[in-house]
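# need coordinates for the following:
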Amino acid sequence: MSDCGCNDGLELPVGPKGDDGRGYDATSSTSLDTLDTAATTASLTITTEKAYTPGARGRASDAANPAVNFFEFVVLSYDPVTGAMSVNNIDNKNGSGTIANWNINLAGETGSTGATGAAGLTSRLTRDAISLVALTTASDGDKAVNFTLAFTPVNKTYILVNVSGQQVEVGDGVKTKDSYFSGDGGTTARGFDTSHPNGGVQIGDELFWNGSVITYELNAAVDIIDIIYPT
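Now for the predicted structure:
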């Protein structure tokens, strides 16, 4: 034994296990129609000896269908001896029906409303070029129709071209697809992005045809062209 008077090396007995602390998981057999009414208060009897105190936020969920039927509340009062609980500020309801078998537990506080996001772009689908009679074409780069775009399309969006109900491919700044838009009589092809070296498709542009690419020429007697794009 050392000079300090301590019981060096002496193994002391382990004390008895303490009582479990009061938890929050509880049940209730009180019949409530809270999910079907506008009530914001309720009284119910839950398991005794729980740790609920006024101001705690809780959730009551249907024991048989907890993910569908539930509501949340703020504890107004709770008697741990009798289990009597009064709640108010009932919110976050989901489901319906009168239920008499509830699981009761703590719930997290409702977060504050986040900042409003930036407004998205407003656009409309322009259908001003519907049922246009095609021009008869004979070689690549011939004009497809006597029509100029009445609006500038939304930047970086595809322009839909249908010929007699069938969609054809439109070149994005290239003249190697079925068709393309041009602002200089077909010499250069516009892109879908305004940053394209040839510029973006814009008001006043015209549609040109590449018969060798799509393997047929337009025929004014039978072909109808639709041009659809967001503006």
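
# give me the pLDDT value at Leu12.
Leu12 carries a pLDDT value of 70.

# now the strands for the protein?
Along the chain, counting by DSSP state E, strands occupy 26-28, 42-45, 57-62, 70-78, 84-94, 102-106, 125-133, 142-143, 160-163, 166-168, 179-182, 206-209, 224-230.

# and Leu218, which of the ones you listed is closest to it?
Of all those, strand 206-209 sits nearest to Leu218, with 5.7 Å by C-beta to C-beta. All C-beta spots, glycine's among them, are computed from the backbone N, C-alpha and C.

# direction included, what does the closest one pair against?
Partners of strand 206-209 in the sheet, by DSSP bridges, are strand 142-143 (antiparallel), strand 179-182 (antiparallel).

# for Val133, find the nearest of those.
The closest of the strands paired with strand 206-209 to Val133 is strand 142-143. By C-beta to C-beta, the value is 12.7 Å.

# now do the closest one, average pLDDT.
Here the average pLDDT along strand 142-143 is 97.

# shaky segments in this protein?
Residues of the chain that meet the criterion pLDDT under 70 lie in 1-10, 15, 18-21, 119-129.

# neighbours of Leu106, how many?
Neighbours of Leu106 under the rule other C-beta atoms under 10 Å: 14.

# what sits against the residue lying closest to it once chain neighbours are set aside?
Once flanking residues are discounted, Leu106 sits nearest to Tyr24: 4.7 Å by C-beta to C-beta, 6 or more residues apart in numbering. Applying C-beta atoms under 8 Å, 6 or more residues apart in numbering to Tyr24 gives the contacts Lys50, Ala51, Tyr52, Ala56, Gly58, Ile104, Asn105, Leu106.

# buried subset of those residues as a PyMOL selection?
To isolate the buried ones among these in PyMOL, judged by 16 or more other C-beta atoms under 10 Å, type:
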select buried, resi 50+52+58+104
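
# reformat the strands paired with strand 206-209 as JSON lines; add distance to Gly165 and mean neighbour count.
As requested, these are exported to JSON lines (distance: least, C-beta to C-beta, whole Å; neighbours: other C-beta atoms under 10 Å):
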{"stretch": "strand 142-143", "distance to Gly165": "21", "mean neighbour count": "16"}
{"stretch": "strand 179-182", "distance to Gly165": "15", "mean neighbour count": "26"}
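
# out of those strands, the one nearest Glu11 is which?
Of all the strands paired with strand 206-209, strand 179-182 comes closest under C-beta to C-beta, at 91.1 Å.

# domain assignment for the protein?
Domain ranges of the chain: 26-106, 123-231, per automatic domain parsing.

# adding distance to Glu11, write these out as CSV.
Below are the domains of the chain laid out as CSV (distance: least, C-beta to C-beta, whole Å):
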stretch, distance to Glu11
domain 26-106, 35
domain 123-231, 77
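
# for Ala115, which of the ones you listed is the nearest?
domain 26-106 (21.7 Å).
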